[in-house]
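S.K.: Task: produce atomic coordinates for the following.
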Amino acid sequence: MNYLKIILCAVSALVLSGPVAAREVVVVAGLGGEEEYRDIFRENIQLWKLACAKAEVPCEIIGLEPDGTDIKAKLQKRLSEVGEKELWLILIGHGSFDGRVAKFNIAGEDFTSRELAEWCEPITGSLVVVNTASASAPFLDALAGENRTIITATKSANEIFYARFGEYFSKAIAGEVDADIDNDDQISLLEAYLYADDQVAEFYTLAGRLATEHALIDDNGDGMGTRGDWFEGVSAVKVARDGAEPDGLRAMQQVLVPNELEKNFPPELRKERDDLEIKVRLLRRAKPGMDEAKYYEELEALLLKLGEIYQQVDTKSAPDPFGGGGAGVKGPVPSGN
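M.R.: Below you'll find the model as predicted:
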């Protein structure tokens, strides 16, 4: 029974982020235009600053105050200095599309999706880019790649009207309780994406308006992206093409503000754990086409390995799915099916 408890504890934890010690967040403030939008963008930026303060992660804001700085040159230089560190790059503002290239609008000369892709080429560490602007879809295609999670507010460059996605995404990252889909006291990139996408859809439905924005996420590197309504819970049930890997597996393991368990999780074990959890999710996805006995044999082997990892974590901070009061995960224990 004790070993079963360890296994269930591992499954319920699905704790979800990479090493945070070398993580940095850079927020680029675009042109606000009308006062209404300037206020919204400033509020979004403040929410990111709040989240970074909670996470004790450095947060640099570029372009918020018109101080005469060449924002384009400053951003390019900043990206050239990232190297192996983990970077979250957040674009908050308006975007545009002239029929040929998509741009993010800043004070001074705008930058294009192609330019940003070139500036990011030297980055060898994990990269997250969240473009909350209108006409942002081409940034996903330009930036997608290995070890990258790219999120855009639109599925097409032709979705050029103001995008509300960033408002809801910022709230989720800052700790919106309703965004915590798996009830583990932390909000992953995927959960923030799904929450924001759902709130955007609800806004247009209640307003009786045709939606002019449809967000995309890509974390498998194929550059095709996945819509929010292609997920059930946190699992993608549709893919962009036959045989494609599902998006969301990586983003579900990326968290800015970690829960108590994650804070105490040894970095040297985190990658091994994350790899095993992805294997569990992929195995569950493959279950319909597998022999049942083979499926459960492979699932048990993975869960036992996860249990061994969790045995090495401080048990005082480990979640207790049997209600023992451990910090961390809340809610029901997922089944192994």
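S.K.: quick check: domain ranges of the chain?
M.R.: With domains defined by automatic domain parsing, the chain comprises 23-242, 259-317.
S.K.: Give me the mean pLDDT for the first one.
M.R.: Same thing as domain 23-242. On average, the pLDDT along domain 23-242 is 95.
S.K.: Please identify the deepest-packed of the domains of the chain.
M.R.: Most buried of the domains of the chain, by mean neighbour count (mean count of other Cβ atoms under 10 Å): domain 23-242, with a mean of 19. For every residue, glycine as well, the C-beta is placed using N, CA and C.
S.K.: Span of that one from start to end?
M.R.: Counting by Cα to Cα, to the nearest Å, the length from the leading to the trailing residue of domain 23-242 is 35 Å.
S.K.: picking up where we left off before, looking at the domains of the chain, which is nearest to residue 252?
M.R.: With distances scored as Cβ to Cβ, the stretch of the domains of the chain nearest to residue 252 is domain 23-242 (4.4 Å).
S.K.: how far out from the middle of the chain is the closest one?
M.R.: 9 Å (Cα atoms, centre = their mean, to the nearest Å).
S.K.: And for stretch 293-309?
M.R.: 27 Å.
S.K.: Which stretches in this protein count as strands?
M.R.: Per DSSP state E, the chain carries strands over the ranges 23-29, 59-62, 86-92, 95-97, 102-104, 111-112, 127-131, 148-152, 216-218, 231-232, 235-236.
S.K.: that older thread, tell me which of the domains of the chain sits nearest to residue 249.
M.R.: Using Cβ to Cβ as the criterion, the shortest distance between residue 249 and the domains of the chain is 5.0 Å, found for domain 259-317.
S.K.: Distance from the closest one to the middle of the chain?
M.R.: Between the centre of domain 259-317 and the centre of its chain there are 20 Å (Cα atoms, centre = their mean).
S.K.: Spatially central residue for this structure, please.
M.R.: The geometric centre of the chain, computed from its C-alpha atoms, lies nearest to residue 189 (Cα atoms, centre = their mean), at 2.2 Å.
S.K.: tell me the contacts of it?
M.R.: Residue 189 is in contact with 128, 130, 149, 151, 217, 219, 251-252, 254-255, counting by Cβ atoms under 8 Å, 6 or more residues apart in numbering.
S.K.: What separation do you get for it and residue 52?
M.R.: Shown here: residue 189 relative to residue 52, a distance of 14 Å by Cβ to Cβ, to the nearest Å.
S.K.: And for residue 291?
M.R.: Distance, residue 291 to residue 52, by Cβ to Cβ: 47 Å.
S.K.: Between the two ends of stretch 76-84, what distance do you get?
M.R.: 16 Å.
S.K.: about what we covered before: now distance to residue 262 too, for the strands of the chain, in CSV please.
M.R.: As requested, these are arranged in CSV below (distance: least, Cβ to Cβ, whole Å):
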stretch, distance to residue 262
strand 23-29, 13
strand 59-62, 19
strand 86-92, 15
strand 95-97, 33
strand 102-104, 32
strand 111-112, 34
strand 127-131, 17
strand 148-152, 18
strand 216-218, 21
strand 231-232, 22
strand 235-236, 21
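S.K.: out of those strands, which comes closest to residue 40?
M.R.: Closest among those, once you apply Cβ to Cβ, is strand 86-92, at 9.0 Å.
S.K.: Name the surrounding residues that touch that closest one.
M.R.: For strand 86-92, the surrounding residues in contact (Cβ under 8 Å, 6+ apart) are 18-20, 22-30, 41, 44-45, 48, 79, 104, 120, 123, 125-133, 136, 139, 166, 170, 256.
S.K.: what inclination does that strand have with respect to strand 127-131?
M.R.: Inter-element angle recorded for strand 86-92 and strand 127-131: 10 degrees (by axes from the mean of the first three to the mean of the last three Cα atoms, to 10 degrees).
S.K.: Within the sheet, what are the partner strands of strand 86-92, with directions?
M.R.: Take DSSP bridges as the rule and strand 86-92 pairs in its sheet with strand 23-29 (parallel), strand 127-131 (parallel).
S.K.: of all those strands, which lies closest to residue 311?
M.R.: strand 23-29 (27.1 Å).
S.K.: one step back: can the strands paired with strand 86-92 go into TSV with extra columns for distance to residue 271?
M.R.: Compiled in TSV, the strands paired with strand 86-92 are given as follows (distance: least, Cβ to Cβ, whole Å):
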stretch	distance to residue 271
strand 23-29	15
strand 127-131	17
